[in-house]
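**Q** Attaching a predicted model along with its sequence, questions to come.
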Amino acid sequence: AICMFAHKLENQELGIVQSLNGDIEVRRQAGWWLQVSPTITEYPKAGIYQLNSSDRDMLDIQFNNKTTAKLSANIGYRIDTATDEQLIALHQLVEGDGEKIWKMVLTALNTIAQSVSTKYDPSEVIGGDKFEPMIREISKIIMHNPELMKHGIDVNYFAVNGRPLPDKNTEQQFERQKE
């Protein structure tokens, strides 16, 4: 009977608890909690997502001449720094599905990467000296992004794994330039 009325919250998670009378509270402390039929939704306090070729979800970027490339990167976020009100609103927005938080982060990253990369020429980024400035610009915009912060999501980590991998059209363009 005790096991039926106990709930364990791990240290790396936070819980949104809705009691029988409809009150909602944010539970940040790890441990065992007494529960009497509340709805408890758990979210990771933080996470890192890898955009890489093995998972086939690399970041697509498009340059100023409409050629494209793929970028391997890691991005991390935290939600445990948000206020209780922000977490409750985020919980309602994502409907209890933590994957939707990742989708929000990845959508913001994709939008930012697309808007920044269109300012650059592919030859300057892939084979030239504009790669680092482009990555710094993307990082500056995605880190602690105000739009995500409004929802209680703080992007606190962004790292790129190597230079972009050009698509076939971009490679052909480079070959023509070499000739």
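**A** Yes, it's here. Numbering: from 1, shown residues only.

**Q** can you pull out the helices in this protein?
**A** 84-94, 99-117, 122-126, 131-142, 146-150, 168-178 (DSSP state H).

**Q** Run through the neighbouring helices and strands of the fifth one.
**A** Using 3 or more Cβ pairs under 8 Å, 6 or more residues apart in numbering; DSSP states H and E as the contact criterion, the elements in contact with helix 146-150 are helix 99-117. The way it works is simple: take the backbone N, C-alpha and C, and place the C-beta from them, glycine included.

**Q** can you tell me the average pLDDT over the helix it packs on?
**A** With pLDDT averaged residue by residue, helix 99-117 scores 95.

**Q** got the angle between that helix and helix 131-142?
**A** The directions of helix 99-117 and helix 131-142 differ by 130 degrees, with axes from the mean of the first three to the mean of the last three Cα atoms, to 10 degrees as the criterion.

**Q** what's the angle between helix 99-117 and helix 84-94?
**A** Angle, helix 99-117 to helix 84-94, by the same axes, to 10 degrees: 90 degrees.

**Q** Which strands and helices lie in contact with helix 99-117?
**A** Under the contact criterion of 3+ Cβ pairs under 8 Å, 6+ apart, helix 99-117 touches strand 46-51, strand 59-62, strand 73-78, helix 84-94, helix 131-142, helix 146-150, strand 154-160.

**Q** closest one to Glu171 among the ones you listed?
**A** Each of those was checked against Glu171 via Cβ to Cβ, and the shortest separation belongs to strand 59-62, namely 15.0 Å.

**Q** How many residues are close by the closest residue to Pro166 other than its chain neighbours?
**A** Across the structure, with Cβ to Cβ, 6 or more residues apart in numbering as the measure, the residue nearest Pro166 apart from its sequence neighbours is Ala69 (4.7 Å). A count of neighbours around Ala69, defined by other Cβ atoms under 10 Å, yields 21.

**Q** For Ser19, find the nearest of the helices of the chain.
**A** Once Cβ to Cβ is applied to these, the stretch that comes out nearest is helix 84-94, at 13.1 Å.

**Q** Just the C-alphas of the closest one, formatted as CSV.
**A** Written as CSV, here are the backbone C-alpha positions of helix 84-94 (Å, rounded to 0.1, in the frame of the first residue of the first chain):
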residue,chain,number,x,y,z
ASP,A,84,7.2,28.1,-11.2
GLU,A,85,4.8,30.2,-13.3
GLN,A,86,6.9,29.7,-16.4
LEU,A,87,7.2,25.9,-15.8
ILE,A,88,3.5,25.5,-15.4
ALA,A,89,2.9,27.5,-18.6
LEU,A,90,5.5,25.4,-20.4
HIS,A,91,3.9,22.2,-19.1
GLN,A,92,0.5,23.4,-20.5
LEU,A,93,2.2,24.4,-23.8
VAL,A,94,3.9,21.0,-24.4
